[in-house]
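Student: could you look at this predicted model? Sequence included:
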Amino acid sequence: MWSILLLVSIAAVSADPKEFNGDKVFRVVPQDQSHIELIKSIASDTQLDFWAPDSLSLISIGQQADFRVEFDVAYDVQALLESSGMPYEVLIGDVQVAVDEQHDSNIRAVHSYEKYNDLDTINAWSANIAAQNPSLVTRSQLGTSYEGRPIYLLKVGRSGSNKKAVFIDCGFHAREWVSPAFCQWFVKESVENYGSDAVLTNLLNNLDFYVLPVLNVDGYVFTWSSNRMWRKTRSVNSGSTCFGTDPNRNFNAGWCTVGASSRACDDTYCGSTPESERETKALANFIRSNLSSIKGYLTVHSYSQMLLFPYSYSYALARDHTELNTVAKNAVDQLFTLHRTRYTYGPGGTTIYLAAGGSDDWAYDVGVKYSFTFELRDTGRYGFLLPESQIKATSEETMLAVKSISNHILNNA
């Protein structure tokens, strides 16, 4: 009897979410190779959680890097940074405090567009908004995740024949919670403002929007139940005790070359093959099956306040570079008008860092000309732990950019 109770007790403890008490997030700016080597040395002795860029291999001289350090070595790491002369700052002094303060309240009874919603709440919302707006929204199942969860897709737009389409996905990386929040906001704005917002009404009359609220459903659930900082999928990797693949390194676009890892334990693990993950395979299959209509692909991530376009797996310019650059500039200019939020824009490889296997590069290479990646708020003060109080403003300004891009697609694709 006591052994059974002990096992139940152990199971209960192991099911508790990971806590980050005393963990710190540092920002460093390496000035020379010795600083790079110091970061590598620290990373070899302790597990660093790289936030931006998202792997050790992408750290470079003169470029800022953000990483989380666990509490038991945080002060030792800070002492090493101090003695090295490398410029640094503490972005987050206690990660658990930031995790706790991300929520405005602990009341999660109903869906809210200004709160972070768990997957069950998002799924119930998507069913409800489709049922209540049948002339504008329909729901289908894109696929099934590794752990057997449905991946739902919403189609938003007035019915019509031979319509061009824009595909918008959110929730690639599990810990980027503001991303799914935006996809929900986009659908809300569409149903609430159809008929009153002339620009949005015109877009919905003449374009279909495929909106994927959460791609990485298993990872997203895991961030709510077990580890808020989880990034990857939750698939089992053969021959490894480490779970998951980075879905945004899992596409056949320079797959597993620069900025991606072949090590299953790394956050940027590219997977065993391109589209090895059920989630990425479902997305790729859908786009391939609808290439005749899909003219735009917008994938929404956080953080950095950037609007990127191909290429990220190479420094080579896309054949449509000039036009894509203009579209991006116009979009970030529109975004800025609302809350004066500044975004950087340009090709992924030169604007942020080289990273192979991304969905935006893959979509562009298979024929979706207008392919863009959003990196939403902020620039590091909160990073992946953006407070709920910023969801509304973030979504409002992003809507302006999405409308700008979509208008260009409507008129030029």
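Tutor: The structure has been received and is ready for your questions.
Student: not counting its neighbours along the chain, what's nearest residue 157?
Tutor: Leaving aside its sequence neighbours, residue 157 sits nearest to residue 208 (Cβ to Cβ, 6 or more residues apart in numbering; 4.1 Å). Placement of C-beta: from N, CA and C, glycine included.
Student: beta partners for the one you found?
Tutor: With DSSP bridges applied, the residues forming beta bridges to residue 208 are residue 165.
Student: ok, how many other residues are close to it?
Tutor: Other residues lying near residue 208 total 21 when counted by other Cβ atoms under 10 Å.
Student: mind checking how far it is from residue 155?
Tutor: 6 Å (Cβ to Cβ, to the nearest Å).
Student: for the spatially most central residue of the chain, give its distance to residue 173.
Tutor: Relative to the mean C-alpha position of the chain, the nearest C-alpha, by Cα atoms, centre = their mean, is the one of residue 301, at 2.8 Å. Distance, residue 301 to residue 173, by Cβ to Cβ: 6 Å.
Student: shared neighbours, these two?
Tutor: With contacts taken as Cβ atoms under 8 Å, 6 or more residues apart in numbering, the residues that reach both residue 301 and residue 173 are 179, 248.
Student: what does residue 142 show for phi and psi?
Tutor: Main-chain dihedrals, residue 142, degrees, to the nearest 10: phi -70, psi -40.
Student: that one contacts residue 152, doesn't it?
Tutor: Yes. Proximity of residue 142 to residue 152 meets the contact threshold set by Cβ atoms under 8 Å, at 6.9 Å.
Student: who touches both of these two?
Tutor: Residues within reach of residue 142 and of residue 152 at once, by Cβ under 8 Å, 6+ apart, are residue 212.
Student: name the residue in these two with the higher neighbour count.
Tutor: Set side by side, residue 142 and residue 152 give different neighbour counts by other Cβ under 10 Å, the larger being at residue 152 (21 against 18).
Student: ok, for the more buried one, nearest residue in space, not its chain neighbours?
Tutor: residue 126 (5.2 Å).
Student: what about that neighbour, neighbour count?
Tutor: 22.
Student: shouldn't it be in contact with residue 150?
Tutor: No. The pair residue 126 and residue 150 does not pass the contact test of Cβ under 8 Å, sitting 10.1 Å apart.
Student: top helix in this structure by residue count?
Tutor: Scanning the chain for the longest helix, with DSSP state H as the assignment, gives helix 391-412.
Student: buried residues in it?
Tutor: Counting neighbours by 16 or more other Cβ atoms under 10 Å, one finds that the buried residues in helix 391-412 are 391, 394-410.
Student: also stretch 78-94?
Tutor: For stretch 78-94, burial by neighbour count (16+ other Cβ under 10 Å) applies to 80-81, 84, 86, 88, 91-92, 94.
Student: neighbours of the closest residue to residue 213 other than its chain neighbours, how many?
Tutor: In space, residue 213 comes closest to residue 183 once its chain neighbours are excluded; the distance is 4.5 Å by Cβ to Cβ, 6+ apart. Using other Cβ under 10 Å, residue 183 has 24 other residues around it.
Student: mind listing the helices for the stretch 101-250 of the chain?
Tutor: Residue ranges of the helices in the stretch 101-250 of the chain, as given by DSSP state H, counting those that start in this stretch, are 119-132, 178-193, 198-206, 217-225.
Student: could you dump those helices to CSV with mean pLDDT?
Tutor: CSV is the format used below for these (pLDDT from 0 to 100):
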stretch, mean pLDDT
helix 119-132, 98
helix 178-193, 98
helix 198-206, 97
helix 217-225, 98
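Student: just so I know, which of those lies nearest residue 53?
Tutor: Evaluated over those, closeness to residue 53 peaks at helix 178-193, with 17.9 Å, by Cβ to Cβ.
Student: pull the CA atoms of the closest one into PDB?
Tutor: Taking Å, rounded to 0.1, in the frame of the first residue of the first chain, the C-alpha atoms of helix 178-193 are listed here in PDB:
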ATOM      1  CA  VAL A 178       2.100  35.800 -28.400                       C
ATOM      2  CA  SER A 179       2.100  34.100 -31.800                       C
ATOM      3  CA  PRO A 180      -1.100  32.000 -31.400                       C
ATOM      4  CA  ALA A 181      -2.600  35.000 -29.600                       C
ATOM      5  CA  PHE A 182      -2.200  37.000 -32.900                       C
ATOM      6  CA  CYS A 183      -3.800  34.300 -35.100                       C
ATOM      7  CA  GLN A 184      -6.800  34.400 -32.800                       C
ATOM      8  CA  TRP A 185      -6.900  38.200 -33.000                       C
ATOM      9  CA  PHE A 186      -6.800  38.100 -36.800                       C
ATOM     10  CA  VAL A 187      -9.900  35.900 -36.900                       C
ATOM     11  CA  LYS A 188     -11.700  38.100 -34.400                       C
ATOM     12  CA  GLU A 189     -10.900  41.200 -36.400                       C
ATOM     13  CA  SER A 190     -12.200  39.600 -39.500                       C
ATOM     14  CA  VAL A 191     -15.600  38.600 -38.200                       C
ATOM     15  CA  GLU A 192     -16.100  41.700 -36.100                       C
ATOM     16  CA  ASN A 193     -15.100  44.200 -38.800                       C
END
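Student: pull out the buried positions in it.
Tutor: So helix 178-193, judged by 16+ other Cβ under 10 Å, has buried residues 178-187, 189-191.
Student: got the angle for it vs helix 217-225?
Tutor: Inter-element angle recorded for helix 178-193 and helix 217-225: 100 degrees (by axes from the mean of the first three to the mean of the last three Cα atoms, to 10 degrees).
Student: against residue 342, how distant is the residue nearest to residue 213?
Tutor: The value you get for residue 183 to residue 342, if Cβ to Cβ is used, is 23 Å.
Student: poorly predicted segments of this protein, please.
Tutor: Per-residue confidence of the chain (counting by pLDDT under 70) places the weak regions at 1-15, 106-109.
Student: again, 50 this time
Tutor: Counting by pLDDT under 50, the ranges of the chain that qualify are 1-14.
Student: show me where it has strands.
Tutor: When assigned using DSSP state E, the strands of the chain occupy the ranges 24-28, 49-52, 65-69, 88-92, 137-144, 150-156, 164-170, 207-212, 294-302, 306-309, 344-347, 370-376.
Student: would CSV of those strands with distance to residue 265 be doable?
Tutor: Output for the strands of the chain, formatted as CSV (distance: least, Cβ to Cβ, whole Å):
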stretch, distance to residue 265
strand 24-28, 21
strand 49-52, 13
strand 65-69, 16
strand 88-92, 24
strand 137-144, 26
strand 150-156, 25
strand 164-170, 26
strand 207-212, 28
strand 294-302, 22
strand 306-309, 27
strand 344-347, 30
strand 370-376, 25
